[in-house]
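**Q** dropping the sequence and predicted coords here.
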Amino acid sequence: MKISVNVNGCTRESDVEARTLLVNYLRDELGLTGTKIGCDTSQCGACTVHMDGKALKSCTSLAVQADGCDVTTIEGLAHNGDLHPMQQSFWDNHGLQCGFCTPGMIMATTALLADNPNPDEDEIRHGLEGNLCRCTGYHNIVKAVAAVAQAGGD
Amino acid sequence: MWPAEFDYARPSSVAEALQLLADNEDAKLLAGGHSLLPAMKLRLNEAPLLIDISRIEGLGSISNNGSLTIGALCTHADIAASADVQASCSALATATGMVGDQQVRNWGTLGGNVAHADPASDPPTVLVAFNANINIEGASGGRSVAAADFFIDLFTVDLEPGEIITSIEIPAHPHEGCAYVKMPHPASRYAVVGICVVLHKDGDSCSGAHVAVGGATVRAMRSPGAEAALRGSSLDDAALDAAAAALKDDIANDLIGDMSFPEAYRQEMAGVYLKRAVRAAGG
């Protein structure tokens, strides 16, 4: 099936099988491998991207569902070599170790702040329920998000 | 994991979707896909054709004309954030705000949620407590089913092949307090036990109550015994003990259990969470 998806600001035309998952389309068809496949069962959030501005687990969505939509992946956040404030804050606050969950964490937390620019710690942790990290224990991730919120968001 | 192969159609109207269903016997409807796609990836479900109804106009809004009408395509996030829902059925805002996680709530729909009828899901318990109606369209016209009758058993509902849920209607139900509380599974956050209580009060005494339970049971269901125990009481500890005992009796034949949370444990916790729900509802 032919689909047209605006990915990180560029219109991409592809012919995909209906059963192609959005995450496979992004990684295998478009080569955007920043989006990770972790659990592949809608739990870990490593595959989180934005579709029409809302966080989505791209392992739980079909590429054909994204037809005509705007999709933003981790590759679409930095501009002209400058990291997105959330990326910079993860770096500054040591919000990652192995880095595997980080693209999903950053996509989830940028969406969280778009909905709620001034979350308290409980709201940040609630907003991160869909993302698993096996290294840092979340504390520095929460700090990174709080720092961006405190600095006035993205 | 890729799902098995299927064809895909994206109708733009309910009539077109009904025709596709009529022409394709084993087709399934796709809305948010957050129940169906995981099941298809695990080969727990399959379909030769997915009919993507997510872009049909008119099924995604919430209106309040005395009764609250929630379009089948409204997402959990839409419902949790709705001022109308918060004002007239705050327990539903609570329950939808507890479903899955941010990403799931953004895309999972209420219509899909009730059609799937996972016994551990949160919204059905609130819909049963509030006497909601499930509005359904089929080839021969529309019908409306009370939530208490709609949920039949594990993953089993009163929805015929060829029918589409179009909206969920919550009749006006003035009350002094309501709450949905749950014991979440520590890993999945699904409800091990979920309780919704709607309270009517006359001064300090309870003039009536609706009590529904899910998670612990094969389907979301009311507890007439608990409601009778609360009605006319001052909602003191003795009344809550009686209500908890009655609830445990009412669900004795409908319990579910697993290795982590056996039937008897869920039954006991249902009583505990009933008391918490009454207090959370202001009782």
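**A** Arrived safely.
**Q** could you measure from A:I124 over to A:T41?
**A** Distance, A:I124 to A:T41, using CB to CB, to the nearest Å: 24 Å. The way it works is simple: take the backbone N, C-alpha and C, and place the C-beta from them, glycine included.
**Q** scratch that, A:G137 is what I was asking about
**A** Distance from A:G137 to A:T41, by CB to CB: 22 Å.
**Q** comparing the two, which residue is more hemmed in?
**A** More neighbours surround A:T41 than the other of A:G137 and A:T41, with 13 against 10 (other CB atoms under 10 Å in any protein chain shown).
**Q** residues in contact with the more buried one?
**A** A:59, B:38, B:41-42 (CB atoms under 8 Å, 6 or more residues apart in numbering or on different chains).
**Q** which of those tops the neighbour count?
**A** Among the contacts of A:T41, A:C59 has the most neighbours (other CB under 10 Å), with 27 neighbours.
**Q** list the contacts of it.
**A** Per CB under 8 Å, 6+ apart, neighbours of A:C59: A:21-23, A:37, A:39-42, A:47.
**Q** try it again with 6 Å
**A** Each residue near A:C59 by CB atoms under 6 Å, 6 or more residues apart in numbering or on different chains is listed here: A:21, A:23, A:40, A:47.
**Q** I'd like those as TSV, with distance to chain B and secondary structure appended.
**A** As requested, the contacts of A:C59 are arranged in TSV below (distance: CB to the nearest CB, whole Å; DSSP: H, G, I helix; E, B strand; the rest coil):
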residue	distance to chain B	secondary structure
A:L21	7	strand
A:V23	11	helix
A:D40	6	coil
A:C47	9	coil
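**Q** run through chain A and note the low-pLDDT ranges.
**A** For chain A, the stretches flagged by pLDDT under 70 are A:153-154.
**Q** do a quick rundown of the strands in it.
**A** A:2-7, A:10-15, A:48-51, A:54-57, A:70-72 (DSSP state E).
**Q** cool, chain B as well?
**A** B:7-9, B:28-30, B:49-52, B:62-65, B:67-71, B:133-138, B:141-146, B:151-153, B:156-157, B:164-170, B:177-184, B:191-202, B:205-214, B:221-222.
**Q** let me know whether the second one sits next to chain A.
**A** No - Strand B:28-30 lies apart from chain A when judged by CB under 6 Å from any CB of the partner chain; the minimum separation is 7.7 Å.
**Q** any figure for the gap between B:D236 and B:C206?
**A** 10 Å.
**Q** the two: which is more packed in?
**A** For the pair B:D236 and B:C206, the greater number of neighbours falls to B:C206 (24 against 11), based on other CB under 10 Å.
**Q** quick one: contacts for that one?
**A** Per CB under 6 Å, 6+ apart, neighbours of B:C206: B:230, B:233, B:235.
**Q** flag every residue of the stretch 101-250 of chain B that's near chain A.
**A** B:101-103, B:106-107.
**Q** which one of these is nearest to B:A115?
**A** Ranked by distance to B:A115 (CB to CB), these are led by B:W107 at 15.1 Å.
**Q** doesn't B:G33 make contact with that closest one?
**A** No - using CB atoms under 6 Å, B:W107 makes no contact with B:G33, being 7.2 Å away.
**Q** ok, A:S42 touching A:S61?
**A** No - A:S42 is beyond contact range of A:S61, at 9.8 Å (criterion: CB under 6 Å).
**Q** which of those two has more neighbours?
**A** Between A:S42 and A:S61, counted using other CB under 10 Å, A:S61 has the larger neighbour count: 26 against 22.
**Q** from A:V5, how far off is the more buried one?
**A** In terms of CB to CB, A:S61 sits 11 Å off from A:V5.
**Q** any idea how the chain splits into domains?
**A** Looking at chain A here, since you left the chain open. Annotated domains of chain A cover A:2-76, A:85-151 [automatic domain parsing].
**Q** other chain: chain B
**A** Taken from automatic domain parsing, chain B resolves into B:7-52, B:62-170, B:178-280.
**Q** of those domains, which is nearest A:G152?
**A** domain B:62-170 (21.6 Å).
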